[in-house]
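Colleague: Turn this into a structure:
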Amino acid sequence: MTVLPKKVTKNCYKCNKHTVCNVKEVKKGKSTNLSWINRQKIRRGNTGNLGKYSKPPMKKIKKAKRPNLVLECTVCLLKRSYSRKRCIKFNIK
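Modeller: Numbering: from 1, shown residues only. Take a look at the predicted model:
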């Protein structure tokens with residue numbers, strides 16, 4: 001289990017100096033019906049496999065996912081993405 005700190009010192013490009021940033025986990029938002037993929041599904045309908053299963057399935061499936069994290073600067077409140085390595089479980093402490 002990977003343990004991440006709640007506060008990290010990183011360079012903020014808006015403040016142009018090293019500041020303390022809060023680390024937060026972000027979840028995927030709800031998709032709208034006006035998005036391109038939903039409009040494409042409506043146009044094509046539900047018939048056929050749309051070429052998805054023409055190839056054999058992958059043998060190895062990755063178990064670990066990259067955590068979706070956001071850094072928030074404590075000085076200017078700028079939010080930016082924070083990429084980390086793959087891990088199965090992680091905890092922010």
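
Colleague: pLDDT score for the residue of the chain most remote from its centre?
Modeller: Going by Cα atoms, centre = their mean, the residue of the chain most distant from its centre is Thr47, 31.4 Å out. Thr47 carries a pLDDT value of 73.

Colleague: Lys60 too?
Modeller: 80.

Colleague: Identify each buried residue in the longest strand seen in the chain, please.
Modeller: Secondary structure of the chain per DSSP state E: the longest strand is strand 17-25. Using 16 or more other Cβ atoms under 10 Å as the test for burial, strand 17-25 gives Thr19, Cys21, Val23. No exception for glycine: its C-beta is placed from N, CA and C like everyone else's.

Colleague: Take those residues and lay them out in CSV including pLDDT and distance to Val3.
Modeller: Putting the buried residues of strand 17-25 into CSV (pLDDT from 0 to 100; distance: Cβ to Cβ, whole Å) gives the following:
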residue, pLDDT, distance to Val3
Thr19, 95, 22
Cys21, 96, 17
Val23, 95, 11
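
Colleague: just those now: which is nearest Arg86?
Modeller: Minimum distance to Arg86 across these is 17.1 Å, recorded for Val23 (Cβ to Cβ).

Colleague: Surely the closest one is in contact with Cys73?
Modeller: No - Val23 is beyond contact range of Cys73, at 11.6 Å (criterion: Cβ atoms under 8 Å).

Colleague: Just the pLDDT for the residue nearest in space to the middle of the chain.
Modeller: Nearest to the mean C-alpha position of the chain, by Cα atoms, centre = their mean, lies Asn68 at 3.6 Å. pLDDT recorded at Asn68 is 91.

Colleague: so who does it touch?
Modeller: Asn68 makes contacts with Glu25, Val26, Lys27, Lys28, Ser81, as judged by Cβ atoms under 8 Å, 6 or more residues apart in numbering.
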